[in-house]
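1. return atomic coordinates for the entry below.
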Amino acid sequence: MRYQMGGVRLTCPCCQNDTFNKDYRQLNSRGATFFGLDWANKEAAILICKRCSYISWFMEDPSEV
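-> Below you'll find the model as predicted:
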C-alpha cells in the first residue's frame, strides 16, 4: 500500500520505495510496566518498507493514498 501524512506522499528514507506494510506497536514506559499497566501505554503506527524492510514510526496514523 501507499501512504501519506499531512498531504505528503511517504517514501522510504533508505531506498526511496513508496510501498509499505502498516502495523501498530505499543510504546512502553517504565512507570506503566512497573505497575503492570502496559495496556495503558500509547500506540504508534509503523510502516515497513516492502523493498528494504526499513521501519518508520508515526504517532498519528498515516492514511492510504
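2. just the strands in this structure please.
-> Applying DSSP state E to the chain gives strands spanning 3-5, 8-9, 20-26, 43-49, 55-58, 63-64.
3. now do the same for C52: its pLDDT.
-> Note for C52: predicted pLDDT of 98.
4. thinking again about what came up before, now the strands of the chain as a markdown table including mean neighbour count and mean pLDDT?
-> For the C-beta atoms, the positions are set from N, CA and C on the backbone; glycine is no exception. Putting the strands of the chain into a markdown table (neighbours: other Cβ atoms under 10 Å; pLDDT from 0 to 100) gives the following:
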| stretch | mean neighbour count | mean pLDDT |
| --- | --- | --- |
| strand 3-5 | 16 | 97 |
| strand 8-9 | 10 | 98 |
| strand 20-26 | 13 | 94 |
| strand 43-49 | 16 | 96 |
| strand 55-58 | 14 | 98 |
| strand 63-64 | 10 | 97 |
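5. nearest residue to the middle of the chain?
-> Using Cα atoms, centre = their mean, the residue of the chain that lies closest to the mean C-alpha position is I46, 1.6 Å off.
6. what residues are up against it?
-> I46 makes contact with K22, D23, Y24, R25, I55, S56, W57, F58, according to Cβ atoms under 8 Å, 6 or more residues apart in numbering.
7. try D18
-> By Cβ under 8 Å, 6+ apart, D18 lies in contact with R2, R9, L10, T11, C12.
8. how near is it to S53?
-> According to Cβ to Cβ, to the nearest Å, D18 stands 15 Å off from S53.
9. perfect, that will be all.
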